[in-house]
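test case, fold it:
(4 chains)
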Protein chains: 4
Amino acid sequence: MAGSSFGTIFRVTTWGESHGPGIGAVVDGVPAGLPLDESDIQQQLNRRKPGQSRFATPRKEDDRVRILSGVFEGKTTGAPIALEVLNETQRSSDYSQIASCYRPGHADYTFDQKYGFRDYRGGGRSSARETIGRVAAGAIAQKILDQLGIRILAWSSQIGPVAAESFDPEEIENNPFRLPDAEAAQKAAAYVESMMQAHDSVGGVIECRITGVPAGLGDPVFEKLDANLSKALMSIGAVKGIEIGDGFSVAAANGSANNDPFIIEGNQIKKASNHAGGILGGISDGDTIRIRAAIKPTPSIFQPQDTVNRDKEPVSISIKGRHDPIVVPRAVVVVEAMAAITLVDSLFLNMSCQMDRVTAFYKNK
Amino acid sequence: MAGSSFGTIFRVTTWGESHGPGIGAVVDGVPAGLPLDESDIQQQLNRRKPGQSRFATPRKEDDRVRILSGVFEGKTTGAPIALEVLNETQRSSDYSQIASCYRPGHADYTFDQKYGFRDYRGGGRSSARETIGRVAAGAIAQKILDQLGIRILAWSSQIGPVAAESFDPEEIENNPFRLPDAEAAQKAAAYVESMMQAHDSVGGVIECRITGVPAGLGDPVFEKLDANLSKALMSIGAVKGIEIGDGFSVAAANGSANNDPFIIEGNQIKKASNHAGGILGGISDGDTIRIRAAIKPTPSIFQPQDTVNRDKEPVSISIKGRHDPIVVPRAVVVVEAMAAITLVDSLFLNMSCQMDRVTAFYKNK
Amino acid sequence: MAGSSFGTIFRVTTWGESHGPGIGAVVDGVPAGLPLDESDIQQQLNRRKPGQSRFATPRKEDDRVRILSGVFEGKTTGAPIALEVLNETQRSSDYSQIASCYRPGHADYTFDQKYGFRDYRGGGRSSARETIGRVAAGAIAQKILDQLGIRILAWSSQIGPVAAESFDPEEIENNPFRLPDAEAAQKAAAYVESMMQAHDSVGGVIECRITGVPAGLGDPVFEKLDANLSKALMSIGAVKGIEIGDGFSVAAANGSANNDPFIIEGNQIKKASNHAGGILGGISDGDTIRIRAAIKPTPSIFQPQDTVNRDKEPVSISIKGRHDPIVVPRAVVVVEAMAAITLVDSLFLNMSCQMDRVTAFYKNK
Amino acid sequence: MAGSSFGTIFRVTTWGESHGPGIGAVVDGVPAGLPLDESDIQQQLNRRKPGQSRFATPRKEDDRVRILSGVFEGKTTGAPIALEVLNETQRSSDYSQIASCYRPGHADYTFDQKYGFRDYRGGGRSSARETIGRVAAGAIAQKILDQLGIRILAWSSQIGPVAAESFDPEEIENNPFRLPDAEAAQKAAAYVESMMQAHDSVGGVIECRITGVPAGLGDPVFEKLDANLSKALMSIGAVKGIEIGDGFSVAAANGSANNDPFIIEGNQIKKASNHAGGILGGISDGDTIRIRAAIKPTPSIFQPQDTVNRDKEPVSISIKGRHDPIVVPRAVVVVEAMAAITLVDSLFLNMSCQMDRVTAFYKNK
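Here you go, the predicted model:
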């Protein structure tokens, strides 16, 4: 089916495989008049790209984006924006061994089951390079959110067993793990280093906070804002768990502690606490949206693994190539992108929720 | 926006408020020729309905379903199936106090922010009664899955701080908590009883297992099967967290332990373990799908709470009425329903994924 | 598939068969705060219902609508509005003959081919009674358009070979054909009368004009406003042709005559003519939208017809029951409803087309 | 809004402007295993491209397509297929005059109204070059239809006032008008020549026949096959009218003549005539689908025209550049493409319409 699009009226469609000619996205439903140039997008792609520390794949991917449509004289026109990144440093030979084998933790087997065969080069469509399209599209969404005073910030709150114990937003981009805690970053470095030496890989947790969100976004039943954020984040390859607000710790909590009392603060209605994570009944309440995603350890590890091949024979596989021992820091950028895309769609879908506001919109025109 | 529908080609649309004339669903995209009568649906509604133990609201809701369309001579016709449950035991007076107040943990404030006003009777559209439409629709989905040998089973794996420590599927419907562990059920009873006496409420965790799923369901990018299951479950009112397979525990795991080795078992490709929870790269791998949902404690508690009213005045509120001290056991039925709806849509969307199979389908016709 | 819904963010889902318990619609995406009661809807259903002249079926269908959700204290709440009309005067015995036969011009054969069997009573899902849901939903759309100063007016411009030659809007509801020309109405009466005596049926053309539409609705490529209006009208059972503006007569026209010159009128940009029918490049230009639909003669005729049955045997069929000799006048109401639904969805989808207007919307909030 | 996509599970998204870097499409939902290479697509683009007769624009557009994803070793993989045609012979200077003027019959004014400004170069997004994406995507759809024995053939049935009076399918690609009648082609040549000398332009009618369609495609209510075909064709720039089967001539017909009797032919159920155009109740009946589209004369004409500019001043405009005096012959290729896309989506959506066939599909797997 057509599963490569996300969003209803702000809609992102991505395409491309790891080792094909390129990767791209078409972003449709962008309002006209938004200032946009390639550097806005390049900046986010640069944050995502590999080769930036010794804890990431040494692959050199330049990932230069080109805008092919939808922008005229520095502003969006309302037409779909096509974004393209050509693939440059493919080494298909690295992947020839896996053509017939099913790598544990990868989608090789399920692709063969679904499609009958697969583009085995570098994971094909399920490669982490697929997220280039998401990050590029997310950069446009973030430009829109900027205009509305909405800010998305994500970071690694846990790297393997090492959890951040303090929160300094300035620190996030200062260490290779995007941890907001310099001390934890040092411990994480030691831990990941030891795992790399053991030819193993590491997971973690990403936390995302969204501030400046107006109350009222999301819908009460199936299109709850938290439901859409969950889908958005769970659609990122390595994510295995999602929490909104207090998440799983609500299970053992009592209502008296978990309910957030409403209070008046400077003539505004606020909440005294934010266990809910900024969403009540599926609708944003104006408070900070808090969401967390669990990231599994990279399935590509350099120790030999037992598996089977397409002919149903047991084989031992040793994955070669250049793989991240941990994808969490790079996935932080993808989480921000998907959150941004989801928010923008919610903002646009919300505009017709009150008759008076619809009437005012068309009368003022 | 139109947020009351779920699914693409098997699509459920629900309607109705707690204290309006009724609650219902329209289920579109049901294949013709499925045997169906009202008892198939009633059976699931009965599992959901309140008043079945001292740990649930004593409200007596009969919740008789009527099929209004789409079934002829005991079989579905391919036309949309309209399902209706009339509301019978509304006591609107119970809710008059909350018309202008914002109950902590409820959607009162966000509804007012989004829509300008709200139907304040019993939570209106955000009432737990909204799930009647989901359960009724889910019963049809489950009939379809039955024909394909797919079985969905959910239960409470945790009630407040009490976790199930053994798993006896026969036990699930034997205790008021839907715990698969009789001993844990006794502990849970004592715990919930004590919280009721403290005028407080309790949360928990629901686990869901889906067996018999063919490999190949779901799509690699945005329409991952786990992404859609996450949205489906996160769209249930009280859910605050979702885990697929090992969920958040993958964060501290290493790739060597988290990867599931493929093996040959009886000439079939299987996995030696199932950390992935039956989904790889967003596509079902033929193994059991495992998914968990964290449920928050009921926000309606009987102790006085500080909050504010619409006029931005601080007030103290004491919620009256008949509320569940814990919704987890009843939510088990809703989780099964949403999982079933999601699976059926995935099954139908998957039918055109290989050209050979499309050709065979139309040639054999 | 799920084919019973229309619209993206203002979405109508209909259900029901001719001889089931009832017919209904769920209207989702209605803005909160719109004044609405059952009489708003009943008024349109009354215009559609049969038995109002000797040129329509003498069936007495009362078609009383009930609102089951989404309205509170006389205003819409933003929740889906469920509308229901119970079927009352079914005479299933009238239809027993056709259970195994394929009536020419009807959907009996195609339903059997698609679904394997069918609800043969009164046409089942393909009965003209299905349009009750459309008209009920359209009444809500028209209430929204009223608030925005948009007016939809449809009429019969041709009844069989008799074309209206003058246009008096006051006349439309004065004659049983909804012709805007009293003289043509007399000729039409004589013509239809003669066809009824010949046990035959009559078609016609419906014209629809929409005024007060702001410029800017519709999108440039696939979601052109005229494309959506065409789908909306072509989805009405008996429609076999659609024209926008000058329609088929453009084929023989030249550009110099067909182009509408822009002019200044009272400091406003207008068009000196309206060959385009109020839509340029798929987007409304602020001028009157003109659209025409060709309606086929009722396929149910009272003379014997040759056909075949399910067992592939030739049979002769004489349709009994109470059928309209012409559906055009009643279809006028359905055309208005579908145009209204399409317009409202376009209005809502258009709200995010300029960044400045999005920003103003959220800043002014 | 996101208006650049068409289809539900076979979904085409197009992007690109006349004078941007390129034009493209992303085709999602293509089954895996379909043989496909660039020549399959190039062949259709070549049929569409200009400069092939003296009755078409002398612009030399090479329009070389490149496949950027979704194909591996000569077969589709199930991943989205990105198609790209770079723009090469843009002469932006040709269009500088129209930057502030509103060309009659063009979308300049409506774009400014909708978006606040526009990419004025060569029509921008509403340029006829936008149809490159449609034709490229349609070529893939046609490859799928080939495998299923479904054939789409379109031609010009009328060029200005000159109608084809005979039908020789071999003749269609033999003359510059795609008329199936050599004699009419000569008359058309004389007529178009005379209009070119008068600095004027010409419209026409395109007819499309689809054979080999299995009975059962389309849905009974809003997703009627004819409704979707109408939307598909009406979404092509210059189309102003659509007819299915007998189209507007049904208005004056009687039921006894318009009904198509069912007959037995070689143990198959057939229709003795095909006034319905192969669709009954919105569902294909197995007969030839007949659809016609009215095409308006090219709005770009070389004689001076009165219009206004953005500052609301009357101006006279003389359009320069290289424009087709008639777009009908090239639009034939676009009609085929849109019909093919619609059919493929209908085929895929139809696969889950009977429970027995769903069960057989998954059991046989």
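
ok, which stretches of the stretch 101-250 of chain A are helices?
Listed in chain order, the helices of the stretch 101-250 of chain A (DSSP state H, counting those that start in this stretch) span residues A:108-115, A:131-147, A:182-197, A:225-234.

return the most buried member of those.
Neighbour counts (mean count of other C-beta atoms under 10 Å in any protein chain shown) averaged over each of the helices of the stretch 101-250 of chain A peak at helix A:225-234, with a mean of 28. Where C-beta positions appear, they are placed from N, C-alpha and C, glycine not excepted.

quick one: is that one near chain D?
No. Looking at helix A:225-234 against chain D by C-beta under 8 Å from any C-beta of the partner chain, there are no contacts, and the closest approach is 15.4 Å.

and A:Ile23, that one's in a helix?
No. The assignment for A:Ile23 is strand, going by DSSP: H, G, I helix; E, B strand; the rest coil, so no helix is present there.

could you dump the helices of the stretch 101-250 of chain A to JSON lines with mean pLDDT?
As requested, those are exported to JSON lines (pLDDT from 0 to 100):
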{"stretch": "helix A:108-115", "mean pLDDT": "96"}
{"stretch": "helix A:131-147", "mean pLDDT": "98"}
{"stretch": "helix A:182-197", "mean pLDDT": "97"}
{"stretch": "helix A:225-234", "mean pLDDT": "98"}
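
just put those in TSV and tack on distance to B:Val71.
What follows is these, written out as TSV (distance: least, C-beta to C-beta, whole Å):
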stretch	distance to B:Val71
helix A:108-115	33
helix A:131-147	43
helix A:182-197	58
helix A:225-234	30
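
out of the ones you listed, which comes closest to chain C?
Proximity to chain C, assessed across these by C-beta to the nearest C-beta, is greatest for helix A:131-147 (5.4 Å).

next, the angle from that closest one to helix A:225-234.
Relative orientation of helix A:131-147 with respect to helix A:225-234: 140 degrees, computed using axes from the mean of the first three to the mean of the last three C-alpha atoms, to 10 degrees.

taking the stretch 251-365 of chain A, what residue is nearest to chain D?
Residue nearest to chain D within the stretch 251-365 of chain A (C-beta to the nearest C-beta): A:Phe348, separated by 7.7 Å.

buried residues in stretch A:248-264, which are they?
Within stretch A:248-264, the residues that qualify as buried by neighbour count (16 or more other C-beta atoms under 10 Å in any protein chain shown) are A:248-256, A:258-262.

does any part of it sit near chain B?
Yes. If you take C-beta under 8 Å from any C-beta as the test, stretch A:248-264 does meet chain B, through A:248-256, A:258-264.

state the mean pLDDT of that stretch.
Per-region confidence: stretch A:248-264 scores 97 on mean pLDDT.

stretch A:11-26 now?
Throughout stretch A:11-26, pLDDT has a mean value of 95.

close to chain D, is that stretch?
Yes. Judged by C-beta under 8 Å from any C-beta, stretch A:11-26 and chain D are in contact via A:Arg11, A:Thr13, A:Thr14, A:Trp15, A:Gly16, A:Glu17, A:Gly20, A:Pro21, A:Gly22, A:Ile23, A:Gly24, A:Val26.

what about the fifth one, neighbour count?
In terms of burial, A:Gly16 registers 30 neighbours under the definition other C-beta atoms under 10 Å in any protein chain shown.

repeat for the second one
Using other C-beta under 10 Å, A:Thr13 is surrounded by 30 other residues.

quick check: it touching A:Gly24?
No. Contact status for A:Thr13 versus A:Gly24: not in contact, 9.1 Å apart, counting by C-beta atoms under 8 Å.

buried set for the helix or strand hosting A:Lys270?
Counting by DSSP states H and E, the secondary-structure element that holds A:Lys270 is strand A:268-271. Of all the residues in strand A:268-271, those buried under the rule 16+ other C-beta under 10 Å are A:Ile269, A:Lys270, A:Lys271.

across the sheet, point out what pairs with the second one.
This points to A:Lys270. Applying DSSP bridges to A:Lys270 yields these beta-bridge partners: A:Ile263.

these two touch, right, it and A:Asp260?
No. Look at A:Lys270 against A:Asp260 with C-beta under 8 Å: they stay out of range, at 9.4 Å.

any stretches of chain A with poor pLDDT?
Low-confidence segments of chain A (pLDDT under 70): A:58-60, A:89-96, A:365.

the same query, at a cut-off of 80, please.
In the predicted model of chain A, residues A:1, A:50-52, A:54-61, A:89-98, A:122, A:320-322, A:364-365 satisfy pLDDT under 80.

and the lengthiest helix in it, what does it pack against?
Using DSSP state H to define each element, chain A has its longest helix at helix A:328-349. Under the contact definition 3 or more C-beta pairs under 8 Å, 6 or more residues apart in numbering or on different chains; DSSP states H and E, helix A:328-349 sits against helix A:38-48, helix A:131-147, strand A:151-159, strand A:204-211, helix A:225-234, strand A:289-295, helix C:355-364.

mind listing what's buried in the helix or strand following the first one?
With elements assigned by DSSP H and E, the helix or strand that comes after helix A:38-48 is strand A:65-67. Neighbour-count burial for strand A:65-67, with 16+ other C-beta under 10 Å as criterion, is recorded at A:Val65, A:Arg66, A:Ile67.

next, format these as CSV and append distance to A:Asp37.
Formatted as CSV, the buried residues of strand A:65-67 follow (distance: C-beta to C-beta, whole Å):
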residue, distance to A:Asp37
A:Val65, 10
A:Arg66, 11
A:Ile67, 8
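
between the residues you listed, which sits nearest A:Gln147?
Using C-beta to C-beta, A:Ile67 comes nearest to A:Gln147 of these, at 18.6 Å.

the residue of the stretch 151-300 of chain A found nearest chain B - how many residues pack around it?
Taking C-beta to the nearest C-beta as the measure, the stretch 151-300 of chain A has A:Gly281 as its residue closest to chain B, at 2.4 Å. Here the neighbour count serves as a burial measure; for A:Gly281 (other C-beta under 10 Å) it reads 27.

wait, isn't it in contact with A:Val221?
No. At 9.6 Å, A:Gly281 and A:Val221 do not qualify as touching, with contact defined as C-beta under 8 Å.

quick check, nearest of the buried residues of strand A:65-67 to chain C?
Checking these against chain C by C-beta to the nearest C-beta gives A:Ile67 as the nearest, at 16.6 Å.

so what's that closest one closest to, chain neighbours aside?
The spatially closest residue to A:Ile67, leaving aside those adjacent along the chain, is A:Glu38, at 5.5 Å (C-beta to C-beta, 6 or more residues apart in numbering or on different chains).

how far away is that neighbour from A:Ala139?
Shown here: A:Glu38 relative to A:Ala139, a distance of 10 Å by C-beta to C-beta, to the nearest Å.

just to revisit the earlier point, for the residue of the stretch 251-365 of chain A closest to chain D, what are its contacts?
For A:Phe348, the contacting residues are A:Ile9, A:Phe10, A:Gly29, C:Met351, C:Ser352, C:Val358, D:Met1, taking C-beta atoms under 8 Å, 6 or more residues apart in numbering or on different chains as the criterion.

residues contacting the closest residue in space to A:Pro299 that isn't next to it in sequence?
Taking C-beta to C-beta, 6+ apart, and ignoring the residues beside it in sequence, A:Pro299 has A:Gly105 as its nearest neighbour in space, at 2.7 Å. Taking C-beta under 8 Å, 6+ apart as the definition of contact, the neighbours of A:Gly105 are A:Lys296, A:Pro299, A:Ser300, B:Gly255, B:Asn258, B:Asn259, B:Asp260, B:Ala276, B:Leu280.

and if you look at A:Lys240?
A:Ala294, A:Ile295, A:Lys296, B:Glu243, B:Ile244, B:Gly245, B:Asp246, B:Gly247, B:Phe248, B:Val250, B:Gly277.

identify the farthest-apart pair in the residues you listed.
Put simply, by C-beta to C-beta the two of those set farthest apart are A:Ile295 and B:Gly277, 14.8 Å from each other.

neighbour count: those two, which is higher?
Set A:Ile295 next to B:Gly277 and count neighbours by other C-beta under 10 Å: A:Ile295 wins out with 29 against 24.

so the more buried one touches A:Val239, yeah?
Yes. With contacts counted by C-beta under 8 Å, A:Ile295 reaches A:Val239, the gap being 6.1 Å.
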